[in-house]
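Engineer: Okay, predicted coordinates and the sequence, questions at the end:
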Amino acid sequence: MYHSRNPRASPLWRCAQRHSKELREAGRFQRAVEERTIEHFIACGDPHHGFARIYCDACGHDYLLAFSCKTRYFCPSCHQKHVLLYGDLVNFNPHLHVLAADGAFLADGRFAALPPVPGTLLAEGFRRITR
């Protein structure tokens, strides 16, 4: 039996919905893919952004299936649907995805940006860890 996704139930969705405009206006997105991923994630599971009608000829039951955002590794709802295919195993590429805030939200709801961490400092930290 199909269980519909509900990305809006997650704290991550509520945070993205609440602060995406603020982050966009402050120029906090470094690459277009970041802004696009957030936009797709916010629209995930919303039939206003597209859906398919599913119909069973045998029993006559039908329902609307809202399109997903397909932002796997960011959207918890879509990530659960990811199927590891044989080709993925052959081309296994271990890597790390990190979602890290570059600031903090103040008590009044405003976002306070922190200065970027110098790349050389990060590189040296990774070198020490891997030795």
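Structural biologist: That came through fine.
Engineer: Would you map the strands across the chain?
Structural biologist: For the chain, the strands defined by DSSP state E occupy 51-55, 62-66, 103-105, 111-113.
Engineer: which helices and strands does the first one pack with?
Structural biologist: In this structure, strand 51-55 makes packing contacts with strand 62-66, judged by 3 or more Cβ pairs under 8 Å, 6 or more residues apart in numbering; DSSP states H and E. For glycine as for every other residue, the C-beta is placed from the backbone atoms N, C-alpha and C.
Engineer: Could you tell me the angle between the strand it packs on and strand 51-55?
Structural biologist: Relative orientation of strand 62-66 versus strand 51-55 (axes from the mean of the first three to the mean of the last three Cα atoms, to 10 degrees): 160 degrees.
Engineer: Which positions in strand 62-66 come out as buried?
Structural biologist: Residues of strand 62-66 classed as buried: Ala66 (neighbour count, 16 or more other Cβ atoms under 10 Å).
Engineer: Let me have the strands of the chain in TSV, extended by distance to Pro76.
Structural biologist: What follows is the strands of the chain, written out as TSV (distance: least, Cβ to Cβ, whole Å):
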stretch	distance to Pro76
strand 51-55	20
strand 62-66	16
strand 103-105	21
strand 111-113	23
